[in-house]
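Student: Just to be clear, the model below is a prediction. Sequence and coordinates:
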Amino acid sequence: MIKSVLAAAAGLMMLAGAAHAQELDWPQGAADAFSSRDYQRLLHQVTKPGANPVAGASAVAGDDSCRYANDNECDEPGLGTGACTAGTDRSDCWRLMAGVEDDSCQWANDGECDEPGFGTGACVQATDRTDCGPLIELRFRNDQCDTAFNGICEEPGVGNGACEERSDRADCIGRERPMSIQDHYFGNDDRVLMDTGVFPWSVVGYIEFDAGGTCTATLIGEDVLITAAHCISEGGRIDASGVFRTGENLPDGPHSARVVDYLMDDDWDEAAFSAGDTLDGTDWALLRLDQPLGVELGHVGYEALIDDQGSRAAMRAPIRQAGYSWDTGTNLSGNLDCRIIEVFDDNTMAHNCDTTRGDSGSPFMTERNGEWRIVATDSNFRSNPDGPFIYIAARSDRWTPMVEDFAAGRIGNGGLRPQGPGKPGKPEPVKK
């Protein structure tokens, strides 16, 4: 999640007006500390004033009755995400329906794509044409087909039709990705699909949180998971309640268990993490399950690679990563050969693995003599004015000494008692 949309957030605050800001309970000066996570939440609360009437708008029927309306992303079927029924997300979709793409967004022509999905999300769909030009062909396309990344285009009309429309992106339009895309690709998408019926990928699963949303997590003990702290921290509230699922392709089907306890870094501070980069190394969370899935499925180990072997040796080690990316759906995707490219003193590392939204909490692993060990977990990405984004993982070095005591119940939160003030209103639902 990039941390470079403060100006856009400030603009939205001005558009919302001081009175509306008070209604939303935003603190004085909040816009100055907004991160991309805050900004996405803000987009769901504030509907920006509509643009001046454009030819074609009146010809498009419909309303904004969908729960995802006015989030800037077209969610109608056929031309959008499909999360809404036809005719219920008019404001976000009418330009696409009418074939009207323009630069009417106030942030158009600033050199950064601001459309949702592959851009910052600051503009309504189809209102940042010039900046998003190289990315438009990727709009609403994904690799959720079960045979994605096999080198054969299988979409209907252009392939053999084995995949649904727009679900075999890499095979049908290629793996080249613009460096400006708001996903963690380095000019080429090198991911493959992992077989979740085979260890260690059988113990890399995902948590569906009761409050909404998902994150990747991995079994590192009989009943212990590792994931990212920001996955259970939202709006000043800590809530790890949810169900972990793993091993989708196992002969006896997937296995699941509920999260019943958690342990976070003593220095974790969601607001500080969102506002800057200084606490990225605290972005980890150990979770305890109500069933010892690891007894039957096994579990991977963990290693403080940098502390134990030093930065130079760590940067030479081949790294493998896998997570439940937003664009591969229920398929586990990952990288079979990537590297640590820089080690930082704040318990973080930069990597060149292709990762994206949904990979938060996913493991970066080494394999030696058949033994798999997690050396870091996926956290976020940082803007870099002088080059491509910097992709950050929280190193295992900080939490490895705590796993044994947490597994034995000697440390932890003592159960799921959500901490913090809670969020106003209901949790924002995840689009499915």
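Tutor: Now that the structure is in, tell me what you want to look at. Numbers count the residues shown, from 1 in each chain.
Student: what secondary structure does Ala394 sit in?
Tutor: Secondary structure state of Ala394, per DSSP: H, G, I helix; E, B strand; the rest coil, is strand.
Student: quick one: contacts for it?
Tutor: Applying C-beta atoms under 8 Å, 6 or more residues apart in numbering, we find Ala394 in contact with 228, 280-284, 347-348, 376-377, 379. In this view, the C-beta of every residue, glycine as well, is placed from N, C-alpha and C.
Student: run the last query once more with 7 Å
Tutor: Residues near Ala394 by C-beta atoms under 7 Å, 6 or more residues apart in numbering: 280-281, 283-284, 347-348, 376-377, 379.
Student: swap in Asn331?
Tutor: By C-beta under 7 Å, 6+ apart, the neighbours of Asn331 are 144, 146, 148, 193.
Student: how many neighbours does the second one have?
Tutor: The number of residues packed around Asp146, counting by other C-beta atoms under 10 Å, is 15.
Student: Just give the nearest non-adjacent residue to it, would you?
Tutor: Distances taken as C-beta to C-beta, 6 or more residues apart in numbering place Asn331 nearest to Asp146, at 6.4 Å, with adjacent residues excluded.
Student: mind checking pLDDT for that neighbour?
Tutor: pLDDT, Asn331: 95.
Student: So it, which state does it fall into?
Tutor: Assigned with three-state DSSP, Asn331 falls in the coil class.
Student: those helices in the protein, which residues are they?
Tutor: Counting by DSSP state H, the segments of the chain that form helices are 6-16, 18-23, 36-45, 90-98, 129-132, 169-173, 270-275, 293-297, 305-309, 311-316, 403-407.
Student: quick revisit: what are the phi and psi values for the residue nearest to Asp146?
Tutor: Main-chain torsions, Asn331, degrees, to the nearest 10: phi -90, psi 130.
Student: From Arg316, how far out is it?
Tutor: According to C-beta to C-beta, to the nearest Å, Asn331 stands 30 Å off from Arg316.
Student: do the same with Tyr324
Tutor: Tyr324 sits 29 Å away from Arg316 when distances are taken as C-beta to C-beta.
Student: So for the two, which sits in the more crowded spot?
Tutor: Between Tyr324 and Arg316, Tyr324 has the larger neighbour count (other C-beta under 10 Å), namely 27 against 10.
Student: What about the closest residue to Ala393 other than its chain neighbours, how many residues nearby?
Tutor: Once flanking residues are discounted, Ala393 sits nearest to Ala376: 3.8 Å by C-beta to C-beta, 6+ apart. Neighbourhood size, Ala376 [other C-beta under 10 Å]: 31.
Student: swap in Arg339?
Tutor: Residues contacting Arg339 under the criterion other C-beta under 10 Å number 16.
Student: For it, list the residues it contacts.
Tutor: Contacts of Arg339 (C-beta under 7 Å, 6+ apart): 315, 319, 351-352.
Student: Restricted to strands, list the contacts of Asn331.
Tutor: Those of the contacts of Asn331 mapping onto strands are Leu193, per DSSP state E.
Student: Among the contacts of Asn331, name the buried ones.
Tutor: Among these, those classed as buried by 16 or more other C-beta atoms under 10 Å are 144, 148, 193.
Student: Out of these, which comes closest to Arg95?
Tutor: Gln144 (25.1 Å; C-beta to C-beta).
Student: What is the burial count for the closest residue to that closest one other than its chain neighbours?
Tutor: Nearest residue to Gln144, sequence neighbours excluded (C-beta to C-beta, 6+ apart): Gly329, at 3.6 Å. By the criterion of other C-beta under 10 Å, Gly329 has 18 neighbours.
Student: What values do phi and psi take at the residue nearest the centre of the chain?
Tutor: When C-alpha atoms, centre = their mean is applied to the chain, the residue found nearest the centroid is Arg357 (2.2 Å). Main-chain torsions, Arg357, degrees, to the nearest 10: phi -60, psi 140.
Student: quick one: Ile232 and Asp252, what's the gap?
Tutor: In terms of C-beta to C-beta, Ile232 sits 29 Å off from Asp252.
Student: The two: who's more crowded?
Tutor: Remark: of Ile232 and Asp252, Ile232 carries more neighbours, 28 against 8, as counted by other C-beta under 10 Å.
Student: Would you confirm that the more buried one contacts Tyr262?
Tutor: Yes - Ile232 lies in contact with Tyr262 (C-beta atoms under 7 Å); the separation is 6.3 Å.
Student: what's the overlap in contacts for the two?
Tutor: Common contact partners of Ile232 and Tyr262 (C-beta under 7 Å, 6+ apart): 240, 285.
Student: got the CA positions of stretch 221-239 in PDB?
Tutor: Provided in PDB are the C-alpha atoms of stretch 221-239 (Å, rounded to 0.1, in the frame of the first residue of the first chain):
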ATOM      1  CA  GLY A 221       3.500 -24.100  14.600                       C
ATOM      2  CA  GLU A 222       0.800 -26.600  15.400                       C
ATOM      3  CA  ASP A 223      -1.600 -23.800  16.100                       C
ATOM      4  CA  VAL A 224       0.400 -20.600  15.400                       C
ATOM      5  CA  LEU A 225       0.200 -18.300  12.400                       C
ATOM      6  CA  ILE A 226       2.300 -15.400  11.300                       C
ATOM      7  CA  THR A 227       0.700 -12.500   9.300                       C
ATOM      8  CA  ALA A 228       0.900  -8.600   9.200                       C
ATOM      9  CA  ALA A 229      -0.100  -6.400  12.100                       C
ATOM     10  CA  HIS A 230      -2.000  -4.000   9.800                       C
ATOM     11  CA  CYS A 231      -4.300  -6.900   8.900                       C
ATOM     12  CA  ILE A 232      -5.700  -6.900  12.400                       C
ATOM     13  CA  SER A 233      -5.400  -3.200  13.100                       C
ATOM     14  CA  GLU A 234      -7.900  -0.800  11.600                       C
ATOM     15  CA  GLY A 235      -9.200   2.600  12.700                       C
ATOM     16  CA  GLY A 236      -7.400   2.500  16.000                       C
ATOM     17  CA  ARG A 237      -8.900  -0.900  16.900                       C
ATOM     18  CA  ILE A 238      -7.200  -4.300  17.200                       C
ATOM     19  CA  ASP A 239      -9.500  -7.100  16.100                       C
END
